[in-house]
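> Build me a structure from this.
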Amino acid sequence: MSRRRTLGTKKKIALLVSAATVAGGGAFVMAGTSNATPPTPKSASESTACLGLATALGNNQKFIADQRAKPDAQSEARIANREAVVAEIKRKQEASGCAVGESAQDSQTAQPSQPADAAQPPAASAQPSQPAESAPAGDTGGGAAASGQQVCNGSTVTLSGEGGAPAASSNQFPAGTKLKVTNLDNNKSTTVEVTSVSGSCALLNNAAFEQVREPGKFLIRRALIEKVG
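Below you'll find the model as predicted:
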């Protein structure tokens with residue numbers, strides 16, 4: 001009897017040791033998994049999608065800064081609208097694996113050289129929640145262009161991040177101006193009306209940008225913009 005009890009005790013000890021070993025191994029695997037290094041966010045220089053989002057963020061941040069520098073009766077409402085847009089762009093940056101908060105102001109000089117008859121971009125960012133406004137006095141080069149004339153030479157086209165029906169915004173064209181934007185990489189085009197002021201020659205809102213974009217891209221490098229009305 002005593003021998004059976006002794007063997008039973010040894011077996012119990014062996015089972016307990018085995019269970020502890022298995023548990024320890026599982027804990028090690030879980031710890032190793034939880035300590036895995038997350039992927040490094042992509043910068044604007046590494047991804048066209050990230051560059052488009054960074055440009056859109058920079059344009060909106062510039063618009064907010066300009067409104068704060070020269071406020072008027074509607075600046076507070078415009079700033080609140082754009083801050084919501086900025087938050088949405090940052091969510092898109094995170095979802096796309098981009099560096100959240102990275103911004104790049106749209107610049108004509110930063111774009112690769114293109115044939116004189118080819119590229120051109122930005123379209124205007126629509127602000128459906130706001131009344132139509134005229135472009136600020138003192139801007140030159142866009143508003144005086146004749147119908148059918150190519151405008152915004154050397155710019156890229158990105159989205160403003162705003163919702164609503166297809167529309168555009170501009171710092172050179174008054175409300176009511178119609179712009180035709182063509183993506184030369186896929187030959188898709190859209191004609192939109194300028195409905196509000198932005199910090200760039202032209203920005204497209206989300207709906208308008210979707211009509212001409214390439215899948216997965218938030219920037220159109222080769223675009224043709226024409227004033228058509």
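> Going by contacts, tell me the helices and strands next to the helix or strand hosting Arg68.
In the assignment (DSSP states H and E), Arg68 maps to helix 48-69. Packing partners of helix 48-69 (3 or more CB pairs under 8 Å, 6 or more residues apart in numbering; DSSP states H and E): helix 75-95, strand 157-158, strand 219-220. No exception for glycine: its C-beta is placed from N, CA and C like everyone else's.
> Which one of these lies nearest to Gly176?
helix 75-95 (18.5 Å; CB to CB).
> mean confidence for the closest one?
Mean pLDDT, computed over helix 75-95, is 87.
> And that helix, what's buried?
Neighbour-count burial for helix 75-95 flags Arg78, Ile79, Asn81, Arg82, Val85, Val86, Glu88, Ile89, Lys90, Lys92, Gln93 (criterion: 16 or more other CB atoms under 10 Å).
> what residues are up against the closest residue to the first one other than its chain neighbours?
Leaving aside its chain neighbours, Arg78 sits nearest to Gln67 (5.5 Å; criterion: CB to CB, 6 or more residues apart in numbering). Each residue near Gln67 by CB atoms under 8 Å, 6 or more residues apart in numbering is listed here: Ser75, Arg78, Ile79, Arg82.
> what residue ranges in the protein are flagged as low confidence?
Residue ranges of the chain with pLDDT under 70: 1-36, 106-146.
> show me where it has strands.
Counting by DSSP state E, the chain has these strands, from start to end: 149-151, 157-158, 168-169, 178-183, 188-196, 203-204, 219-220, 223-227.
> Which strands border the first one, and is each parallel or antiparallel?
According to DSSP bridges, the neighbouring strands of strand 149-151, each with its direction, are strand 223-227 (antiparallel).
> ok so, going back, could you check how far the residue nearest to Arg78 is from Thr190?
Remark: distance between Gln67 and Thr190 (CB to CB, to the nearest Å) = 27 Å.
> what does Ala56 give?
17 Å.
> same question, Arg221
From Arg221 to Thr190 the distance is 17 Å (CB to CB).
> do Glu83 as well
27 Å.
> ok, now Val197?
Using CB to CB, we find Val197 at a distance of 20 Å from Thr190.
> Name the residue in these two with the higher neighbour count.
More crowded of Val197 and Thr190, by other CB atoms under 10 Å: Val197, with 27 against 20.
> on that earlier part again, any chance of JSON lines for the helices and strands packed on helix 48-69, columns distance to Leu51?
Listed next are these as JSON lines, based on distance: least, CB to CB, whole Å:
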{"stretch": "helix 75-95", "distance to Leu51": "11"}
{"stretch": "strand 157-158", "distance to Leu51": "9"}
{"stretch": "strand 219-220", "distance to Leu51": "5"}
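> What is the burial count for the nearest residue to Gln61 once chain neighbours are set aside?
Once flanking residues are discounted, Gln61 sits nearest to Ser103: 5.7 Å by CB to CB, 6+ apart. By other CB under 10 Å, the residues close to Ser103 number 20.
> again with Gln74
By other CB under 10 Å, neighbour count at Gln74 equals 13.
> One more: Pro215?
There are 6 residues near Pro215, going by other CB under 10 Å.
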